[in-house]
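[1] got a predicted structure here, sequence first:
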Amino acid sequence: MITYSNQTRILVAIDCIIFGFDGEQLKILLIKRSFQPEKGKWSLMGGFVAPDEGISQAAERILTELTGLHDVYLEQLQSYGDPDRDPIERVVSVAYFALIDINKYQTQISNRYQAEWIPINEAPALIFDHDLMVKDAKKRIRYKAALHPILFELLPLKFTIPQLQNLYEQVYQTPIDNRNFIRKVNSTDLLIKTLEKDKSGSRKGAFYYKLNKTKYKAKFQSFLNFIPNPESLIN
């Protein structure tokens, strides 16, 4: 077998930044690390790439093994390769972020890894360079959500306009004008209004909507911008 001589072998890892929305709060799924180094500290979910699989295959496998999730929005973020990022061996990590509806998948989360959903604004310090990964993932989501309707991946099958607005406000960390938001939502033609209402917040209640999945796929690359001047909100 031909090999590259005098080259150091490097491990390739996958780290998954998993965001969820429960209808009220934007959260991140974290685990307590079960082995050294940094045993017992908070970490992203991850694992190593096997010799016989590609990077994307590894990301999907690791996500499924650790959470039981299938067919979710999963996108490669970037690679992290600082020589000192892992104190044990030289490890290059390829980070992915996933967007899921917590209510749909919460019973499938494996108890083996002590995984917990934590509000994004209350997330503890993470091991290695995982905090940087989360920061970069939030920036990427803010950028993409201004151009594509990816935040709908976080919503349940039925949702209200206030829930949708709340989600956007949490992602961008800024209040959004209610009337302007409703006008833009209606103009996208992506939503189907149902006859059901959520009356948990008031006697009048708010109508539930469903996503028109056909139009969602068709308009994914040409989405009306909900966020004015999104560049100013990326950091």
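    Alright, I've got the coordinates.

[2] buried residues in the helix ranked longest in the chain?
    If you go by DSSP state H, the chain has its longest helix at helix 130-145. By neighbour count with 16 or more other CB atoms under 10 Å, helix 130-145 contains the buried residues His130, Met133, Val134, Asp136, Ala137, Lys138, Arg140, Ile141, Arg142, Lys144, Ala145. For the C-beta atoms, the positions are set from N, CA and C on the backbone; glycine is no exception.

[3] what comes into contact with the helix or strand of the chain with the lowest mean pLDDT?
    Scoring the helices and strands of the chain by mean pLDDT, DSSP states H and E places helix 102-105 at the bottom, with a mean of 78. Helix 102-105 is touched from outside by Gly20, Phe21, Asp22, Gly23, Lys27, Thr67, Gly68, Leu69, Val72, Trp117, Pro156, Leu157, with contacts defined as CB atoms under 8 Å, 6 or more residues apart in numbering.

[4] now rank those residues by neighbours and give me the top one.
    Within those, Phe21 tops the neighbour count with 27 neighbours, counted by other CB atoms under 10 Å.

[5] quick one: that one and Asp101 touch, right?
    Yes. Between Phe21 and Asp101 there is a contact under CB atoms under 8 Å: 6.8 Å.

[6] joint contacts of these two?
    Common neighbours of Phe21 and Asp101, counting by CB under 8 Å, 6+ apart, are Leu154, Leu155.

[7] and the next helix or strand past the longest helix of the chain?
    Using DSSP states H and E, the helix or strand that follows helix 130-145 towards the C-terminus is strand 159-160.

[8] that next one pairs with which strands?
    Sheet pairing here is set by DSSP bridges, and for strand 159-160 it gives strand 206-211 (antiparallel).

[9] ok, then the element right after the strand it pairs with?
    Using DSSP H and E, the first helix or strand after strand 206-211 is helix 213-218.

[10] for that next one, buried residues please.
    Neighbour counts using 16+ other CB under 10 Å place Tyr216 of helix 213-218 among the buried residues.

[11] quick one: the helix or strand that contains Phe181 to strand 206-211, angle?
    Phe181 belongs to helix 178-188 when assigned by DSSP H and E. Orientation of helix 178-188 against strand 206-211 (axes from the mean of the first three to the mean of the last three CA atoms, to 10 degrees) gives an angle of 40 degrees.

[12] mind listing what the helix or strand just after helix 178-188 pairs with, with the direction of each?
    Using DSSP H and E, the next helix or strand after helix 178-188 towards the C-terminus is strand 191-198. Counting by DSSP bridges, the strands paired with strand 191-198 are strand 206-211 (antiparallel).

[13] for the partner strand, buried residues please.
    Here strand 206-211 shows Ala206, Tyr208, Tyr209, Lys210, Leu211 as buried, counting by 16+ other CB under 10 Å.

[14] got a list of contacts for that strand?
    Contacts for strand 206-211 (CB under 8 Å, 6+ apart): 152, 155, 157-162, 164, 190-198.

[15] averaged pLDDT, that strand. What do you get?
    In this model, strand 206-211 carries a mean pLDDT of 91.

[16] go on, stretch 149-158?
    Here the average pLDDT along stretch 149-158 is 90.

[17] just the endpoints, please. Distance across that stretch?
    Using CA to CA, to the nearest Å, one end of stretch 149-158 lies 16 Å from the other.

[18] quick check: buried residues in that stretch?
    So stretch 149-158, judged by 16+ other CB under 10 Å, has buried residues Pro149, Ile150, Leu151, Phe152, Glu153, Leu154, Leu155.

[19] got it, and stretch 65-81?
    Buried residues in stretch 65-81 (16+ other CB under 10 Å): Leu66, Thr67, Leu69, Val72, Leu74, Glu75, Leu77, Tyr80.
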